[in-house]
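Novice: Build the 3D model from these lines:
(2 chains)
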Amino acid sequence: MTAINPIANDLHKRLGYGSGSAVTLDELPLGRDARIASVDWAALVPEEAQRLRALGFDEGAQVRLAYRGVFLGRDPLAIEIGRMTVALRRIHARAMHVEELAA
Amino acid sequence: MSRGPFVAALVGNPNAGKSALFNALTGARQKIANYPGVTVERKAGRLLLPSGEPVELVDLPGSYGFAATSPDEEVTRKVIMGEQAGQVQPDVLVIVLDASNLEQHLVFAQEVLELGRPTVVALNMVDLAARDGLTIDPAALAVELGVPVIETVAVRRKGLVELAAAIAVARDSAASEAAPVPRAHVTLPERRLLARQMAQGATLSETARHRIHARMDRLLLHPWAGPPVLFALLFVVFQAVFTWAAPFQDALDGLASALQDLVRSELPASLLRDLLTDGIIGGVGAVIVFLPQILILFFFILVMEATGYMARAAFLMDRLMAGVGLSGRSFIPLLSSFACAIPGIMATRSITDPKDRLTTILIAPLMTCSARLPVYAVIIAAFIPNTRVLPGVGLQGLVLFGLYVAGIVGAMVVALVLRRSVTKGAASGFIMELPKYQLPTVKDLALGLWQRAWVFLRRAGTMIFTVTVVLWLLLNFPRAEPGKSQVDASIAGHVANGLAVVMEPIGFNRDIALALIPSMAAREVAVSSLATSYAVDTNDEAVEGRALGDQLKHHWTLATALAFLAWFVFAPQCMSTIAVTRRETNGWKWPGFMLAYLFGLAYLFAGLTYWIAVACGLG
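Specialist: Residues are numbered from 1 along each chain as shown, chains lettered A, B, ... in the order given. Predicted coordinates:
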């Protein structure tokens, strides 16, 4: 896991902004903009990793958690990325570490 | 090698509006078939150039990149590379881009452009982009991509002539060049960076994302409001399928009877006449009656797909499907299977995971298709008293509902077991783009319905026609001696006698065994077969139904009737489903498995029902 700017992150944490790079996409509060800091590609099935990458999920992409699923487990998730909305499972979101952006 | 008209292909991401553009460019002149050896649909049509020259236009499956993850995307790559059997390499590629999703769609576009083949870009759905607050400069984009860019709005036929002209120019320039000039290859991250720069460079103005989609999603994907809306919609769909279709079905039924009467009055009594009336008109007619229901169900499915709601339904259902090892993608095929398992099984092509797809195919016949309805209706009317359980809830309706639920629960349990045994594998994922909401166009709906109707009618005209004739022959040969029962003497009768030995333990008599044979062609034939073997001599179905009901009460116990209903929940009583499964799985292994497990379940549950009913004193 690589944080883009460890010092700024640390500062963020101390000041209580966001929760730094420790947050994965599924833990992001609804409707908050964030940037993907790193993706643990090895944790994903190769075909699914490829599909996610093709849809634009990669380091640096700006994302927002728009909706959570209905039934137990709060799965799946709807993620806004660029001008698209993409549905994916929590297991995918958990492989993506994000940094919240200031509003 | 001499060759036919030159070929152009539409390429692009899913949801780029390719199909609507294809429909607008080719009109109704389309040919739909399969690519040889794979179950991917090949859609081709004729486009006329401004010069009047015809072009074969192929609509390739939507793809996110050449590194294919589904059979559909594999075909797209192979066709473009000229490696696909049964398809000459396209002379001109038409990349279709969604104007409001440029940054994403330009990633695959660059990959296609790197090949250096003659290419034209259609900047599609510019009207939706404008509504979304986006203005794109096609000229700037053309400079950046190095190929012509034409603005199009398929539904309003905007830019179609210009696009055809650009295709002609690209073809002519290709003819003068010796070989395609591949461009420099770049990696995916580089491509994505370039896509962002190009999209930003070509965007003249951009306001915040239009709120209408977000507002609709806020209701339709809402954790509490979303599912009730979906279930209310499904309730309306089922109501429509079973009530709106009734008058049309009666009319088709009347038409078949009128045709039978006509043949009877015009031809002298003979075996050939019987083959025409009872065999061909009766058999094929019994299946065509379901056309109205199938069309109504597909109307709703097409509307849900065209508006973008179907992806939301898949989103809402994903968690429930995940519980049995499937994903939201299986929801659409299973919904179609309530009309008929055949289009349902064909709709599984959109499922990327092969094990997911196979599981969905195997459980699709457990959804109560419309062909079971006539069987259920006759038995319920005869054996279940028409009493009120609750205000507005009758016992008969409750039993019918119970049979539907039994099918669904059965399917879920089977899926759960299959995913842990024969189709074991990594838990399937669910990654799906939720497209923007859109109003469907009448033309696309009409075309889609016509294609579904045609597939169904062609099947009725070939497969079901053949099976009907063969069964009729089996029932009528060898001929019985005068005064003896024809059924007893026939080959089918002998088979039924043999079957009856196996069926007796679960409460089925010989008449039922006999009815089960022709109902392999189509389940609803069981009703007319029972009617025939109880020698009810009338053609009016209302009277036939009633008279048959009385006959059944005479010959059957309640335990037998309940066992018969349980049998039909599970039994794979339809050769066409088996045939389509063979085609979709490329072999006899899985249709064989499907037959075995469904017959096994049918026998087990019919038996259990019978034994329990007898033990309760209903025998």
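Novice: hey, let's count contacts and neighbours off CA atoms from now on
Specialist: OK.
Novice: Output the set of residues of the stretch 301-450 of chain B in proximity to chain A.
Specialist: Counting by CA under 8 Å from any CA of the partner chain, the stretch 301-450 of chain B comes close to chain A at B:315, B:316, B:318, B:319, B:320, B:429, B:430, B:431, B:432, B:433, B:434, B:435.
Novice: make it 10 Å
Specialist: B:311-312, B:314-320, B:322, B:327-328, B:352-353, B:426-436 (CA under 10 Å from any CA of the partner chain).
Novice: What's the PyMOL syntax to select whichever of these are buried?
Specialist: Buried residues among those (16 or more other CA atoms under 10 Å in any protein chain shown), as a PyMOL selection:
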select buried, chain B and resi 311+312+314+315+316+317+318+319+320+322+327+328+352+353+427+428+429+430+431+432+433+434+435+436
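Novice: In strands, which of the residues of the stretch 301-450 of chain B next to chain A appear?
Specialist: If you go by DSSP state E, those have B:432, B:433, B:434 in strands.
Novice: Rebuild those as TSV, extending it with pLDDT.
Specialist: Below are these laid out as TSV (pLDDT from 0 to 100):
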residue	pLDDT
B:432	90
B:433	89
B:434	91
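Novice: For the chain, which residues score under the pLDDT cut-off?
Specialist: Using chain A here. Applying pLDDT under 70 to chain A flags residues A:1-21, A:71-73, A:103.
Novice: hmm, I had chain B in mind actually
Specialist: Ranges of chain B meeting pLDDT under 70: B:1-4, B:28, B:34, B:36-39, B:68, B:176-180, B:207-211, B:427-428, B:463-464, B:532-547.
Novice: all strands for it, in order.
Specialist: Counting by DSSP E, the strands of chain B are B:7-12, B:30-34, B:41-48, B:54-59, B:92-98, B:119-124, B:134-136, B:149-152, B:203-206, B:388-390, B:393-394, B:432-434.
Novice: Now do the first one against strand B:41-48, angle only.
Specialist: Looking back up the chat, that one is strand B:7-12. Interaxial angle of strand B:7-12 relative to strand B:41-48 (axes from the mean of the first three to the mean of the last three CA atoms, to 10 degrees): 120 degrees.
Novice: Tell me which strands strand B:7-12 pairs with, and in which orientation.
Specialist: Strand partners for strand B:7-12, identified by DSSP bridges, are recorded as strand B:54-59 (parallel), strand B:92-98 (parallel).
Novice: Tell me which of these lies nearest to residue A:89.
Specialist: strand B:92-98 (25.5 Å; CA to CA).
Novice: Export that closest one to CSV, keeping only CA atoms.
Specialist: This file holds the C-alpha atoms of strand B:92-98, laid out as CSV (Å, rounded to 0.1, in the frame of the first residue of the first chain):
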residue,chain,number,x,y,z
VAL,B,92,-13.9,0.0,-42.2
LEU,B,93,-14.3,0.2,-38.4
VAL,B,94,-16.9,2.6,-36.9
ILE,B,95,-16.0,3.4,-33.3
VAL,B,96,-19.1,4.5,-31.4
LEU,B,97,-18.5,6.8,-28.5
ASP,B,98,-21.0,8.0,-25.9
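Novice: Give me the buried stretch members for it, please.
Specialist: Under 16+ other CA under 10 Å, the buried positions of strand B:92-98 are B:92, B:93, B:94, B:95, B:96, B:97, B:98.
Novice: Kindly report the same for stretch B:128-135.
Specialist: For stretch B:128-135, by 16+ other CA under 10 Å, it's B:128, B:129, B:130, B:132, B:134, B:135.
Novice: Within reach of chain A, which of the residues you listed are there?
Specialist: residue B:132.
Novice: For residue B:167, see how far away residue B:95 is.
Specialist: Plainly put, residue B:95 is 11 Å away from residue B:167 if you go by CA to CA, to the nearest Å.
Novice: whoops, residue B:422 was the one
Specialist: Going from residue B:422 to residue B:167 by CA to CA gives 49 Å.
Novice: repeat for residue B:131
Specialist: Counting by CA to CA - residue B:131 and residue B:167 are separated by 28 Å.
Novice: In contact with residue B:498, which residues are there?
Specialist: Neighbour list for residue B:498: B:492, B:510, B:513 [criterion: CA atoms under 10 Å, 6 or more residues apart in numbering or on different chains].
Novice: One more: residue B:324?
Specialist: B:411, B:412, B:413, B:414, B:415, B:416, B:417, B:418, B:419, B:420, B:427.
Novice: mind running it again at 6 Å?
Specialist: Residues near residue B:324 by CA atoms under 6 Å, 6 or more residues apart in numbering or on different chains: B:415, B:416.
Novice: separation between it and residue A:45?
Specialist: In terms of CA to CA, residue B:324 sits 19 Å off from residue A:45.
Novice: surely residue A:96 meets residue A:24?
Specialist: Yes. Counting by CA atoms under 6 Å, residue A:96 does reach residue A:24; the two are 5.5 Å apart.
Novice: So for chain B, which residue is the most central one in space?
Specialist: In chain B, the residue lying closest to the centroid (CA atoms, centre = their mean) is residue B:343, at 2.4 Å.
Novice: whoops, I mixed them up, chain A
Specialist: Centre-nearest of chain A using CA atoms, centre = their mean is residue A:25, 2.8 Å out.
Novice: I'd like to know the phi and psi angles of it, please.
Specialist: Dihedral angles of residue A:25 (phi, psi; degrees, to the nearest 10) stand at phi -60, psi -30.
Novice: Report the contact partners of it.
Specialist: A:93, A:96, A:98.
Novice: just these now: which is nearest chain B?
Specialist: Checking these against chain B with CA to the nearest CA, the nearest one is residue A:93 at 10.8 Å.
Novice: Around chain A, pick out the residues from the stretch 101-250 of chain B.
Specialist: B:101, B:223 (CA under 6 Å from any CA of the partner chain).
Novice: Residue 80: neighbour count?
Specialist: All of this is about chain A. Counted with other CA atoms under 10 Å in any protein chain shown, residues neighbouring residue A:80 total 20.
Novice: switch to chain B, that's the one I care about
Specialist: Neighbour number of residue B:80 under other CA under 10 Å is 24.
Novice: Tell me the spacing between the closest residue to it other than its chain neighbours and chain A.
Specialist: For residue B:80, ignoring the flanking residues on the chain, the nearest one in space by CA to CA, 6 or more residues apart in numbering or on different chains is residue B:89 at 6.3 Å. Using CA to the nearest CA, to the nearest Å, one obtains 25 Å as the distance from residue B:89 to chain A.
Novice: Need phi/psi at residue B:89.
Specialist: phi -60, psi 130.
Novice: Is it correct that it is in contact with residue B:77?
Specialist: No. Assessed by CA under 6 Å, residue B:89 is found out of contact with residue B:77, at 10.8 Å.
Novice: contacting residues around residue A:60?
Specialist: Listed by CA under 6 Å, 6+ apart, the contact set of residue A:60 reads A:35, A:36.
Novice: Give me the distance between it and residue B:555.
Specialist: In terms of CA to CA, residue A:60 sits 74 Å off from residue B:555.
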